[in-house]
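*Asks:* sequence and predicted model, in that order:
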Amino acid sequence: MDWMRWRPATEHALYRPDGGFYRRSEGPAGHFRTSVHASPRYAAAVARLLTEVDEALGRPAELALIDVGAGRGELLTGVLAALPAHAAARLRPYAVELADRPAGLPDRVEWTDRVPEGATGLLFANEWLDNVPLDVAERDEDGRLRYVEVSPEGEERLGAELGAADARWAGQWWPEGERIELGGPRDEAWAAAVGALDRGLAVAVDYAHTRATRPPFGTLTGFRAGREVPPVPDGSCDVTAHVALDSAAAPGLPTLRTTQREALHALGLHGGRPPLALATTDPAGYLRALSAAGEAAELTDPGGLGGFGWLAQAVRMPVPAALAALPGWQTLMP
């Protein structure tokens, strides 16, 4: 591997069959902690969202749960354990992931490397889009945007000026800033995932920013063994960048952009402490409730996991009741 733009370099580092970061056996959980790993209450909240989608769809004969960027199937396993029997019996769970199927996953989970076509149900992409590789651009001394090229050791240099499509994206979605992460590939990946649904709700959850809050020097970074490290595209670490969720939203659909804190609150997950009197009447119950409150507080902390962006889009279905109460729903024009 020689000097490359960041998009092919990241693709090679993360997904090559012979040792890419996401192909290795330990999976994402060996290097960083997501909401899925933080608490089983996250899977329980997704299970509640799935039942809300089921009701809004009129309880179809087959209900899909499509976990995009499934890791080692942790979220699907948790949802299956938390789902009511009436929904579980009709559920068809899909894990969309490039890595090999892990041992111990329930047999009913379909393991696939692409989003299934024509499903009805919930498509849930937890920290997927931030690992869809993209190119990076910087301004040269004349203010012109040029692609950033990277060596296998992580050194950078400026390359050619932006192509027409990337220049249009930058002008529309990230017009200011010295260093820009060109989100077109993520927009295309999300549009393809949403477009594969026949009916249902599509949700993307990720580190995110909007046009009003774009960071002037970008967010590209690496993670290894739970620590943030320089982004070196050699397969030794995750290479990730926050997501421009406003550009990713597919037009023509009822759309909500909110935070994880607000979404989980709407789904009944709160981090309030249990009544202190419970410690006297039921000490064991108090400790269980206190533990649950602590996990909920971590998932909804606005300075941590609760600050994640949620993008929800309804495809040929009513907006599910729990999320319908949240402000900000709109139908985006093409």
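*Replies:* Cool, got the structure.

*Asks:* CA atoms for contacts and neighbours, from now on please.
*Replies:* Will do.

*Asks:* and stretch 227-234, what's its mean pLDDT?
*Replies:* Averaged across stretch 227-234, pLDDT comes to 94.

*Asks:* ah, wrong one, I meant stretch 190-201
*Replies:* 98.

*Asks:* could you do stretch 89-96 as well?
*Replies:* Stretch 89-96 comes out at a mean pLDDT of 96.

*Asks:* per-residue confidence for Ala248?
*Replies:* 96.

*Asks:* for it, what are phi and psi?
*Replies:* phi -70, psi -30 (degrees, to the nearest 10).

*Asks:* what about Val203, which helix or strand?
*Replies:* strand 197-206 (DSSP states H and E).

*Asks:* show me what the next helix or strand after that strand is in contact with.
*Replies:* The helix or strand immediately downstream of strand 197-206 is strand 208-209, counting by DSSP H and E. Residues outside strand 208-209 that contact it (Cα atoms under 8 Å, 6 or more residues apart in numbering): His242, Val243, Ala244, Leu245, Asp246, Phe308, Gly309.

*Asks:* what about the residues you listed, which one has the most neighbours?
*Replies:* Val243 (29 neighbours; other Cα atoms under 10 Å).

*Asks:* which phi and psi does that one have?
*Replies:* Taking degrees, to the nearest 10 as the convention, Val243 sits at phi -110, psi 140.

*Asks:* tell me how far the nearest residue to it once chain neighbours are set aside lies from Asp130.
*Replies:* With Cα to Cα, 6 or more residues apart in numbering as the criterion, Val243 has its nearest non-adjacent residue at 4.5 Å, and that residue is Ala208. When distance is defined by Cα to Cα, to the nearest Å, Ala208 is 9 Å away from Asp130.

*Asks:* where do the contact lists of these two overlap?
*Replies:* Contacts common to Ala208 and Asp130, judged by Cα under 8 Å, 6+ apart, are His242, Val243.

*Asks:* ok, back up a step: and the contacts of strand 208-209, which two are the farthest apart?
*Replies:* Spatially, the most separated pair among those is Asp246 and Phe308, at 13.4 Å (Cα to Cα).

*Asks:* from what I can see Phe308 touches Thr259, true?
*Replies:* Yes. At 5.6 Å, Phe308 counts as touching Thr259 under the criterion of Cα atoms under 8 Å.

*Asks:* between those two, which contacts overlap?
*Replies:* Counting by Cα under 8 Å, 6+ apart, nothing touches both Phe308 and Thr259.

*Asks:* measure the residue nearest to Leu57 when sequence neighbours are not counted to Pro133 for me?
*Replies:* Spatially, and ignoring its direct neighbours in sequence, Leu57 is nearest to Met317 (6.3 Å; Cα to Cα, 6+ apart). Counting by Cα to Cα, the separation of Met317 from Pro133 is 31 Å.

*Asks:* what about those two, which has more around it?
*Replies:* Higher neighbour count among Met317 and Pro133: Pro133, with 23 against 19, using other Cα under 10 Å.

*Asks:* hang on, the earlier thing: is the residue nearest to Leu57 located within a strand, as I assumed?
*Replies:* No. Going by DSSP: H, G, I helix; E, B strand; the rest coil, the assignment for Met317 is coil, not a strand.

*Asks:* this structure: helices as residue ranges?
*Replies:* 6-15, 35-38, 40-56, 74-82, 85-88, 164-173, 184-196, 245-248, 260-266, 278-281, 283-300, 321-324 (DSSP state H).

*Asks:* same question for the last one: list its buried residues.
*Replies:* When neighbours are counted by 16 or more other Cα atoms under 10 Å, the buried residues of helix 321-324 are found to be Ala322, Leu323.

*Asks:* what's the answer for the first one, then?
*Replies:* Along helix 6-15, the positions that meet the burial threshold by neighbour count (16+ other Cα under 10 Å) are Trp6, Arg7, Ala9, Thr10, Glu11, His12, Ala13, Leu14, Tyr15.

*Asks:* give me the contacts around it.
*Replies:* 20-23, 98, 133-136, 148-150, 152, 233-236, 238-239.
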